[in-house]
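Asks: what's the 3D shape of this:
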Amino acid sequence: MKLRRRATAGAASLLLVGSSCAPPKPHATGPSLLLVTLDTVRADRLGCYGRASAATPILDRLAREGARFERAYAVAPLTLPSHASMLTGLYPNRHGLRDNGAAPLRREVPTFAAILHDRGYDTAAFVGGAPLDHRFGLDRGFDLYDDAFGARAGSYSYPERSADRTTAAALDWLAPRLAAKDAASFALWVHYFDAHAPYAPPPPFADRFRDSPYEGEIAFVDAQLGRLIDAIEKAGRLDRTAIVVVADHGEGLGEHGERTHGCLLYDSTLRVPLIVRAPGRVAAASVRADRISGVDLLPTALALLDVPAPRDIDGVDRLLADASSAAPLYAECLAPFFQYAWAPQFAARDPRTGSKRIWDGPVKIPLPPDEDATQPVRDADAAALDAAIGAYASRTAADGTRAASGSSAPLQALGYLGSAAPIPDPSALATFPAASTRLPILDTIDAAISARQGGNDREAEALFADACKRDPTNPSAHFMLGSLRFERGKKLPEASVEQAALDGEALVDLAIAANMRPTDARAVDACASVEFALGYVARKGSTKDDAERALRFYSSAERRLVQLLAARPEDCNGWRILVGIHTLEGSPLVDLDRACAELHEWSTHCPGDEKARDLQAQLQCR
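Replies: Okay, here's the model as predicted:
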């Protein structure tokens, strides 16, 4: 959790004393922009998209007073990659964020906030869920990036902030700008995470939507959005504020066997609502049937403000310009590969006919226009779409190593591993199991996570073990099982036979995960921690076998960490364990000179880590 602020004008002026070189920041006076992103919201669950039971009067009003896109599609069924594409106009294989918890956005990639900030807009973001933590680089260009989620409810839950709290924070920032007559135009992004599983709407929506809590969450978000719209309208600024509402992806809700999202690329998780209200620019009550991708959001939103988009992007303005294009609409989901060692999914859609192809490992799935089962599959489109997917996936493979080499993520608190594996070339996809055939495994893992959230570790352990037995090459399942057993062992008497036995069981699974993902900090750190603990127990023995076992455990942990830190030097926890191996009294690998060299690297890559500084002082490192 962190609030990110740019330097104030006063602070900046102190830095510029004696210099007349820095030009003053422009003062935007045109229309303002309110961008609202709805996490995990399907288009067909809103009233304006035909859902009779929906309670979405605010979104329905915006659709009546603006344009509703009937065929808008996400680029990925994952929060971070989808938002990155919407805010940069680039597909994931170009901006590099391929999974939740991936590397930070590269500095050279322009964002909508940076573009508008440079033109004098007051910029702020209020985000509701951990996938959009500032560490992933989407804070660039915002005067204020508020990601104050608060603490997690448990070890297997997302840090998030409810819609009422997110709205209250946004209104606190917005109120003085609405009241000031000479305030600059604003660009405000508000992200609502509430519709993400687990679904738990507050009263009165919990009672009203007892049989559909997912729709209750959406109704709650709609009501909170109404508070924002009401404040802007009461200030007389509504018609001078362009409003764009879009979801990052949908939700499976059991369709195609997927309960939530993040594995498959059907329209249950890709088709999203997109509503634009901009009086004088967009006709009221208009319905757009053209097919639009998440990458088109940036140029479309900028066009509403008469701000040109960067030239070298994938998206186009689909609202005001003549944006007819034959370029396919791409989508990808790499989480199955990164998390479970299943084949990634890729898809392409013809924007003119709506025909679609999904590559699910070795299987190529043809789909009728807009997945309308009453329409026939257009075989004539298959070759072109396969060629497009092949080209996109090939660029993915070339960019994958760089994209996978970023920092570890708060999302990994859920137990999933990070994006630390090279993306396979399309020719190798057939060597991985298709994600669609492994969904029962995912249901078992989800059930285990729910059991652990409920405090039933024994049930969770049994479910994780079952998942590992049925899917023995699944690194996340092994990691979760090993981590659970290691945590259980910590509650037993230190260095006891019982603790050592449980640690030994944990090591079996953590070693599988670490061997499969040798540059994943979370997997390797966990495995090395268990090896360190087992080495600590072994060295307390008095026999030659004990000494050999201690050396074997310590050496294995050292080898893993050296390899990891060469690729991921920002892993502070890895440095801590490695230095411990070389400094702990009685360790067969004690080497204080080497430890001092490692402490130097630790301090360099983790400059705020006080533990490294304290150890340097204790060892009197030069």
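Asks: alpha carbons only for contacts and neighbour counts from here, please
Replies: Noted.
Asks: kindly provide the distance from Ile275 to Val287.
Replies: Computed with CA to CA, to the nearest Å, the distance linking Ile275 and Val287 is 9 Å.
Asks: who has more neighbours out of these two?
Replies: Between Ile275 and Val287, counted using other CA atoms under 10 Å, Ile275 has the larger neighbour count: 27 against 16.
Asks: contacts only, for the closest residue to Arg227 other than its chain neighbours.
Replies: Taking CA to CA, 6 or more residues apart in numbering as the measure, Arg227 lies nearest to Thr167, with 7.5 Å between them; neighbours along the chain are not counted. For Thr167, the contacting residues are 190, 224-225, 227-228, taking CA atoms under 8 Å, 6 or more residues apart in numbering as the criterion.
Asks: Ser555: which of those is nearest?
Replies: Lowest distance from Ser555 to the contacts of Thr167 (CA to CA) belongs to Val190, with 49.1 Å.
Asks: which stretches in the stretch 301-450 of the chain count as strands?
Replies: Listed in chain order, the strands found in the stretch 301-450 of the chain under DSSP state E, counting those that start in this stretch are 329-333, 345-349, 356-360, 363-367.
Asks: any stretches of this protein with poor pLDDT?
Replies: Low-confidence regions of the chain, defined by pLDDT under 70, span residues 1-23, 102, 151-158, 322-324, 397-421.
Asks: hmm, 50 instead?
Replies: Of all residues in the chain, those with pLDDT under 50 make up the ranges 1-2, 6-20, 153-156, 400-416.
Asks: just the CA atoms of the longest helix seen in it, as PDB, please.
Replies: As assigned by DSSP state H, the longest helix anywhere in the chain is helix 544-567. Output for helix 544-567, consisting of C-alpha atoms alone and laid out as PDB, is shown next (Å, rounded to 0.1, in the frame of the first residue of the first chain):
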ATOM      1  CA  LYS A 544      29.400 -37.800  10.100                       C
ATOM      2  CA  ASP A 545      26.100 -38.400   8.400                       C
ATOM      3  CA  ASP A 546      24.600 -35.400  10.100                       C
ATOM      4  CA  ALA A 547      27.500 -33.200   8.900                       C
ATOM      5  CA  GLU A 548      27.200 -34.500   5.400                       C
ATOM      6  CA  ARG A 549      23.400 -33.900   5.400                       C
ATOM      7  CA  ALA A 550      23.900 -30.400   6.600                       C
ATOM      8  CA  LEU A 551      26.400 -29.700   3.900                       C
ATOM      9  CA  ARG A 552      24.100 -31.100   1.300                       C
ATOM     10  CA  PHE A 553      21.100 -29.000   2.300                       C
ATOM     11  CA  TYR A 554      23.200 -25.800   2.700                       C
ATOM     12  CA  SER A 555      24.900 -26.300  -0.700                       C
ATOM     13  CA  SER A 556      21.700 -26.900  -2.500                       C
ATOM     14  CA  ALA A 557      20.100 -23.800  -1.000                       C
ATOM     15  CA  GLU A 558      23.300 -21.800  -2.000                       C
ATOM     16  CA  ARG A 559      23.200 -23.100  -5.500                       C
ATOM     17  CA  ARG A 560      19.600 -22.200  -6.000                       C
ATOM     18  CA  LEU A 561      20.000 -18.700  -4.600                       C
ATOM     19  CA  VAL A 562      23.100 -17.900  -6.600                       C
ATOM     20  CA  GLN A 563      21.300 -18.800  -9.800                       C
ATOM     21  CA  LEU A 564      18.200 -16.900  -8.800                       C
ATOM     22  CA  LEU A 565      20.000 -13.700  -7.800                       C
ATOM     23  CA  ALA A 566      22.000 -13.600 -11.000                       C
ATOM     24  CA  ALA A 567      18.700 -13.200 -12.800                       C
END
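Asks: for it, buried residues please.
Replies: Of all the residues in helix 544-567, those buried under the rule 16 or more other CA atoms under 10 Å are 546-547, 549-558, 560-561, 564-565, 567.
Asks: ok, the closest residue to Thr473 other than its chain neighbours - contacts?
Replies: Excluding its sequence neighbours, the residue lying closest to Thr473 (CA to CA, 6+ apart) is Ala341, at 7.0 Å. Residues counted as contacts of Ala341 (CA under 8 Å, 6+ apart) are 432, 473-475.
Asks: re earlier: show me what the longest helix of the chain is in contact with.
Replies: Helix 544-567 is touched from outside by 405, 518-521, 524-525, 527-529, 531-532, 534-541, 571, 574-575, 578, 581, 587-589, with contacts defined as CA under 8 Å, 6+ apart.
Asks: distance from stretch 91-104 to the middle of the chain?
Replies: Centroid displacement of stretch 91-104 relative to its chain, using CA atoms, centre = their mean, to the nearest Å, is 9 Å.
Asks: export that stretch to PDB, keeping only CA atoms.
Replies: Listed in PDB are the C-alpha atoms of stretch 91-104, where the atom choice follows Å, rounded to 0.1, in the frame of the first residue of the first chain:
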ATOM      1  CA  TYR A  91      -1.000  -5.300 -26.900                       C
ATOM      2  CA  PRO A  92       0.700  -7.300 -24.100                       C
ATOM      3  CA  ASN A  93       3.400  -8.600 -26.300                       C
ATOM      4  CA  ARG A  94       4.600  -5.000 -26.800                       C
ATOM      5  CA  HIS A  95       4.000  -3.400 -23.300                       C
ATOM      6  CA  GLY A  96       5.500  -6.600 -21.600                       C
ATOM      7  CA  LEU A  97       2.900  -7.200 -18.800                       C
ATOM      8  CA  ARG A  98       1.700 -10.700 -19.500                       C
ATOM      9  CA  ASP A  99       0.300 -11.800 -16.200                       C
ATOM     10  CA  ASN A 100      -0.800 -10.300 -12.900                       C
ATOM     11  CA  GLY A 101       2.300  -9.700 -10.800                       C
ATOM     12  CA  ALA A 102       4.600  -9.400 -13.900                       C
ATOM     13  CA  ALA A 103       7.400  -7.000 -14.400                       C
ATOM     14  CA  PRO A 104       6.800  -3.300 -14.000                       C
END
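Asks: thinking again about what came up before, and the contacts of Ala341 as CSV, adding neighbour count and distance to Thr111?
Replies: What follows is those, written out as CSV (neighbours: other CA atoms under 10 Å; distance: CA to CA, whole Å):
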residue, neighbour count, distance to Thr111
Phe432, 16, 35
Thr473, 16, 38
Asn474, 23, 35
Pro475, 27, 34
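Asks: quick one on the thing from earlier: give me the common contacts of Ile275 and Val287.
Replies: Counting by CA under 8 Å, 6+ apart, the contacts common to Ile275 and Val287 are 67-69.
Asks: can you redo the residues you listed as a markdown table with neighbour count and distance to Ala200?
Replies: Listed next are the shared contacts of Ile275 and Val287 as a markdown table, based on neighbours: other CA under 10 Å; distance: CA to CA, whole Å:
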| residue | neighbour count | distance to Ala200 |
| --- | --- | --- |
| Ala67 | 22 | 31 |
| Arg68 | 25 | 28 |
| Phe69 | 23 | 29 |
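Asks: so which of these comes closest to Leu304?
Replies: Nearest to Leu304 out of those is Ala67 (CA to CA; 12.6 Å).
Asks: what residues are up against that closest one?
Replies: Under the criterion of CA under 8 Å, 6+ apart, the neighbours of Ala67 are 275-277, 282-288.
Asks: all set now, cheers.
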